[in-house]
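1. Dropping the sequence and predicted coords here.
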Amino acid sequence: MDHTFSTHVLTERIPSRGNFVLALLAGLAAAVVGAVIWMGVMLTTGWDMGSVVLTLGVGLMVGLAIRINGNGSNFIYGMLGIAFTLLSCLVGEIGVALQSATTSQLDLYAVIMHIDLISLISSIVSHTSLMMLAAYVVGSILAYKLSIRK
């Protein structure tokens, strides 16, 4: 089998330069999907250990979205992957906290209108376990590595 032909066919459609705007949009879309999945899994299962797996899944999803769509080969694409992964996890946690604060007398809109976002984020960060911090680090490294085209 001629490897020159297969290499040419596989790399013919790969542009020589990355597209940062496309990477940004793809990473943002993956981060939003990751936050929604995070909320759904955490609210339906209530399983705290699931957040470790979710962090790795979000890092994988964001990293691949940036790599496939952005096709960048420098560290800025990796940093974008880290930022979107951590942002997605934080937004997922905020969504879980907001939904958990709703009651029959206090709907989600009322909770959102009366919430102190800085205090909520501070509370989330202060209640993060060492294992979750390790998962955030591993998920971020995964996103960094996957975001950059070799």
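-> Done, it's in.

2. Would you point out which residue is most central in this structure?
-> residue 85 (3.0 Å; C-alpha atoms, centre = their mean).

3. could you say what helices and strands the helix or strand hosting residue 83 packs with?
-> According to DSSP states H and E, residue 83 maps onto helix 75-100. Under the contact definition 3 or more C-beta pairs under 8 Å, 6 or more residues apart in numbering; DSSP states H and E, helix 75-100 sits against helix 20-45, helix 50-70, helix 108-114, helix 117-126, helix 130-147. (Glycine included, C-beta is placed from N, CA and C.)

4. what's the spacing between it and its chain's center?
-> Its chain's average C-alpha position is 5 Å from that of helix 75-100, according to C-alpha atoms, centre = their mean, to the nearest Å.

5. Which of the residues in that helix are classified as buried?
-> 77-78, 80-82, 84-98 (16 or more other C-beta atoms under 10 Å).

6. try stretch 32-42
-> Neighbour-count burial for stretch 32-42 flags 34-35, 37-39, 41-42 (criterion: 16+ other C-beta under 10 Å).

7. if we take those, which one ends up nearest to residue 107?
-> residue 39 (16.6 Å; C-beta to C-beta).
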